[in-house]
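Peer 1: next one to model:
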Amino acid sequence: MPSGVESLSKSENLQELIDSFAERLQRSVALDDPSLSLIAASRHFGDEDTVRVQSVLGRGVAPDLQATVLSLGIADLDGPGRIAPPADLGAKPRICAPVRCAGVLLGYLWLIDDGLVGDDELRDTAIVADQAGMMLYRRELFLQRKQTRCSSLVRDLISADEPTRGAAELEALDEELVPPHAKVSVGVVRPAAPSEQSGDSAFLTVAQRATSMSTDPAVLCLPRPQELVVLVAHTHEDPDHPIAVTRRLSAAVADRLGVGTITGIGRQWAHLKDAHRAYQEALVAVRAARFLPAMGDLVTWDSLGVYALLAKLDPEEIAPGAESSPLGRLAASKNGDVLASTAETYLDLAGSIQRSAEALHVHRATLYQRLARIEAVTGLDLDDGGDRLTLHLALKLARLTGAGVPLASDGRQM
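Peer 2: Have a look, this model is predicted:
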């Protein structure tokens, strides 16, 4: 079953509008959104260039070309105008017509300019741009209304209040926004680093285009400041299906922001009413993605291992940075990050001197010296099971909370 967006686009004949215009002119036509991501494109008539082909294949243009084209002032055009991108970019001259409706810039209509586009063709281009603007404007209104409704439902489904969750579940089922008897998974997507682009705008844009209605899977999104909550309700047997959906949305956010993203995904639960549990797990997983880079930029609850247990503790209460604690003393010592990383590797590898030395790329004698130094600084005996557990847990908590000790990154996978 097609998504709501796909159904609307088809019924509005936006693609047909572009195809018909291209056939009349006998030249290729493309329609981009304001960020130059491709919305629709006609077939080629032998006038295409490398940039047009890459745009169609990649559904957009490279960031450097995007910045260059936008810097040419195309947003300020009041009608079709001729644009000459720098020759070294491999782009032919073009006709660009801003697509607007109700004063809102919704995209750009493009023709490759071979010097034979006359006044009649320019007038036709302006008319088609207006028609496309009306279609896109109606689509934007539809997407906004749909997204507002779905955001409200997701917010309630992950609420801490049980009656609120129950009411949201009934509404989602009654309105056929999710399939009956669906399993549910929740993901949280965040930027990995600050971005010059507006995170709120990027999350909202991706949410509007990703949120589906009456589909299986149903994808409902809640854009928040600096994060996107993705709820996937489905009846698929493949447990990795919601992970694939969330990964695609994470990539879309990264593309919009121009920076990488980190993503946490909770377990798959059997009922929609358990979405709040999946959300709490996703929050822990995305925190692990931030503070445990060796785990990758997408972390699932099931992959957390011991961190899943430790993360249930209050970070304020477990922060291991007190100077009086063994780990605090280790952090305050000379080369504390190296010693902490050495201790973590040694304990992760069950106290194996040979494997630890290989993992750390040091001689066994050096490892023995470091272990002796760790014992002297912490006051712990690494031959004692209780002391080893104390230090190992403290190191894992430091990893998870991102506080307490500057742990060296050695690229090991957990």
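Peer 1: mean confidence score for stretch 86-96?
Peer 2: For stretch 86-96, mean pLDDT is 79.
Peer 1: any buried residues in that stretch, and which?
Peer 2: Neighbour-count burial for stretch 86-96, with 16 or more other Cβ atoms under 10 Å as criterion, is recorded at 91-96. Glycine gets a C-beta too; all of them are placed from N, C-alpha and C.
Peer 1: what's the answer for stretch 153-166, then?
Peer 2: For stretch 153-166, by 16+ other Cβ under 10 Å, it's 153-154, 156-159, 165.
Peer 1: right, and the helix or strand after the lowest-mean-pLDDT helix or strand in the chain?
Peer 2: Least confident helix or strand, the chain: helix 4-12 with a mean of 38, by mean pLDDT, DSSP states H and E. The C-terminal neighbour of helix 4-12 among helices and strands, as given by DSSP states H and E, is helix 14-25.
Peer 1: enumerate the beta-bridge partners assigned to the residue nearest to Pro34 when sequence neighbours are not counted.
Peer 2: Distance criterion Cβ to Cβ, 6 or more residues apart in numbering; nearest residue to Pro34, sequence neighbours excluded, is Leu105 at 5.5 Å. Judged by DSSP bridges, the bridge partners of Leu105 are Arg100.
Peer 1: what does the pLDDT read for Leu105?
Peer 2: 94.
Peer 1: count of residues packed around it?
Peer 2: 15 (other Cβ atoms under 10 Å).
Peer 1: pull the number of nearby residues for Asp124.
Peer 2: So Asp124, with other Cβ under 10 Å, has 17 neighbours.
Peer 1: you'd agree it is up against Leu25?
Peer 2: Yes - contact criterion Cβ atoms under 8 Å: Asp124 and Leu25 qualify, at 7.3 Å.
Peer 1: distance between the biggest helix by length in the chain and the chain's centre?
Peer 2: Longest helix in the chain, counting residues (DSSP state H): helix 119-157. Distance of helix 119-157 from the chain centroid (Cα atoms, centre = their mean, to the nearest Å) equals 23 Å.
Peer 1: mind listing what's buried in that helix?
Peer 2: For helix 119-157, burial by neighbour count (16+ other Cβ under 10 Å) applies to 121-122, 124-126, 128-129, 131-133, 135-137, 139, 143, 146-147, 149-151, 153-154, 156-157.
Peer 1: below-threshold pLDDT in this protein: ranges please.
Peer 2: 1-12, 58-61, 87, 89-90, 195-200, 211-215, 310-324, 400-414 (pLDDT under 70).
Peer 1: okay, domains of it per the record?
Peer 2: Listed domain ranges for the chain are 4-140, 158-310, 315-401 (source: automatic domain parsing).
Peer 1: right, so the ones you listed: which one is the most enclosed?
Peer 2: Among these, domain 158-310 has the highest mean neighbour count (mean count of other Cβ atoms under 10 Å), at a mean of 19.
Peer 1: what does stretch 218-227 contact?
Peer 2: The contact list for stretch 218-227, computed with Cβ atoms under 8 Å, 6 or more residues apart in numbering, reads 147, 150-151, 153-155, 158, 172, 177-179, 182, 188-191, 199-200, 203-204, 206-207, 210-212, 228-234, 245, 249, 286.
Peer 1: from the residues you listed, which land in helices?
Peer 2: 147, 150-151, 153-155, 172, 199-200, 203-204, 206-207, 210, 245, 249, 286.
Peer 1: contacting residues for the residue most central in space within the chain?
Peer 2: Centroid-nearest residue in the chain, with Cα atoms, centre = their mean: Ser250, separated by 2.1 Å. The contact partners of Ser250, by Cβ under 8 Å, 6+ apart, come to 187, 189, 261, 263, 297-298.
Peer 1: let's see that with 7 Å instead.
Peer 2: 189, 261, 263, 298 (Cβ atoms under 7 Å, 6 or more residues apart in numbering).
Peer 1: for Met295, see how far away it is.
Peer 2: According to Cβ to Cβ, to the nearest Å, Ser250 and Met295 sit 15 Å apart.
Peer 1: strands of the chain, start to end?
Peer 2: For the chain, the strands defined by DSSP state E occupy 29-32, 38-41, 81-83, 94-101, 104-112, 183-191, 218-224, 227-234, 261-265, 298-300.
Peer 1: now distance to Gln354 too, for those, in CSV please.
Peer 2: Converted to CSV, these look like this (distance: least, Cβ to Cβ, whole Å):
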stretch, distance to Gln354
strand 29-32, 58
strand 38-41, 55
strand 81-83, 65
strand 94-101, 64
strand 104-112, 62
strand 183-191, 39
strand 218-224, 48
strand 227-234, 43
strand 261-265, 34
strand 298-300, 30
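Peer 1: from what I can see Thr342 touches Leu360, true?
Peer 2: Yes - contact criterion Cβ atoms under 7 Å: Thr342 and Leu360 qualify, at 6.2 Å.
Peer 1: dump stretch 250-263 to PDB, restricted to CA.
Peer 2: Only the C-alpha atoms of stretch 250-263 are listed here, as PDB (Å, rounded to 0.1, in the frame of the first residue of the first chain):
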ATOM      1  CA  SER A 250      19.100   8.800  10.300                       C
ATOM      2  CA  ALA A 251      20.900   9.000   7.000                       C
ATOM      3  CA  ALA A 252      18.300  11.500   5.800                       C
ATOM      4  CA  VAL A 253      18.800  13.700   8.800                       C
ATOM      5  CA  ALA A 254      22.600  13.500   8.400                       C
ATOM      6  CA  ASP A 255      22.200  14.600   4.700                       C
ATOM      7  CA  ARG A 256      20.000  17.600   5.800                       C
ATOM      8  CA  LEU A 257      22.300  18.600   8.600                       C
ATOM      9  CA  GLY A 258      25.600  18.100   6.800                       C
ATOM     10  CA  VAL A 259      27.000  16.300   9.800                       C
ATOM     11  CA  GLY A 260      26.900  12.700  11.100                       C
ATOM     12  CA  THR A 261      24.200  11.400  13.400                       C
ATOM     13  CA  ILE A 262      24.000   9.000  16.300                       C
ATOM     14  CA  THR A 263      21.100   6.700  16.700                       C
END
